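[1] Fold the following and give me the result.
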Amino acid sequence: MLIIEISVACIAAGFLVLVAFLVAALQSARASLQQVNETLAHIDAKMDAISQETVKLMHSTQLIADDVQGKMKSVDSLFQSIGQVGESVSQITTSVRQVSATVSDSVRRAGDKVNRERNQAAELMEWATLGLHLWRKWQSRRQQSDSRPTKKNERDENDV
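    Residues are numbered from 1 along each chain as shown. Okay, here's the model as predicted:
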């Protein structure tokens, strides 16, 4: 029986060692779990802070998005106005081109008319010069014929 008692003592000693190691392992596990709990609590607190910051950021982002959307609507009307101004400028340019073409055509026609009238005036001046030249010639011949004594003039002089 001694063997049984020794065996039971060995088993009891082994069981005590096993229990001691299990207690130590459980204490280590408990410490690790406690540390994990503390870390999770710390993370949870930080997550709350991060969540609050995220909510604030999302709120700010929403305000910015609304502001940008409002400004985009304002810019839309500005671009529409610019488009209308562009169309007006295009219409004005077209009108100016038409007026310019009309004025250019009128000036060309007036220039042609002036040239025709100038040519007519030059012709008229030539005719007037020719007429004046003929008149002077006729006057000089008339004077020459008046200054020559004719038979009639001689008779008149003799009668006197």
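[2] and the one helix or strand Glu126 maps to, how far from the chain's centre?
    If you go by DSSP states H and E, Glu126 is part of helix 2-147. In terms of Cα atoms, centre = their mean, to the nearest Å, the centre of helix 2-147 is found 8 Å from the chain centre.
[3] which residues of this structure score low on pLDDT?
    The model of the chain has pLDDT under 70 over residues 148-160.
[4] Quick check, central residue of the chain?
    Among the residues of the chain, the one closest to the centroid is Ile82, at 8.2 Å (Cα atoms, centre = their mean).
[5] Who are the contact partners of that one?
    Not one residue lies near Ile82 by Cβ atoms under 8 Å, 6 or more residues apart in numbering. All C-beta atoms are positioned from the backbone trio N, CA, C, and that covers glycine.
[6] neighbours around Phe79, how many?
    When counting by other Cβ atoms under 10 Å, one arrives at 11 neighbours for Phe79.
[7] quick one: it from Asp67, how far?
    Noted for Phe79: a distance of 18 Å to Asp67, by Cβ to Cβ, to the nearest Å.
[8] Let me know the distance separating Ile3 from Lys46.
    62 Å.
[9] These two: which has the busier surroundings?
    Using other Cβ under 10 Å as the criterion, Ile3 and Lys46 rank with Lys46 on top: 10 against 7.
[10] how close does the more buried one get to Glu53?
    Counting by Cβ to Cβ, the separation of Lys46 from Glu53 is 10 Å.
[11] Over to Thr102?
    71 Å.
[12] who touches stretch 5-19?
    Around stretch 5-19, nothing counts as a contact under Cβ under 8 Å, 6+ apart.
[13] With only the CA atoms kept, save it in PDB.
    Only the C-alpha atoms of stretch 5-19 are listed here, as PDB (Å, rounded to 0.1, in the frame of the first residue of the first chain):
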ATOM      1  CA  GLU A   5      -0.100   6.000  -1.000                       C
ATOM      2  CA  ILE A   6       3.000   7.200  -2.900                       C
ATOM      3  CA  SER A   7       1.000   7.100  -6.100                       C
ATOM      4  CA  VAL A   8      -1.800   9.100  -4.500                       C
ATOM      5  CA  ALA A   9       0.700  11.500  -3.100                       C
ATOM      6  CA  CYS A  10       2.300  11.900  -6.500                       C
ATOM      7  CA  ILE A  11      -1.000  12.300  -8.100                       C
ATOM      8  CA  ALA A  12      -2.000  14.800  -5.500                       C
ATOM      9  CA  ALA A  13       1.400  16.600  -5.900                       C
ATOM     10  CA  GLY A  14       1.000  16.600  -9.700                       C
ATOM     11  CA  PHE A  15      -2.600  17.800  -9.300                       C
ATOM     12  CA  LEU A  16      -1.400  20.600  -7.000                       C
ATOM     13  CA  VAL A  17       1.300  21.600  -9.500                       C
ATOM     14  CA  LEU A  18      -1.300  21.400 -12.200                       C
ATOM     15  CA  VAL A  19      -3.700  23.500 -10.200                       C
END
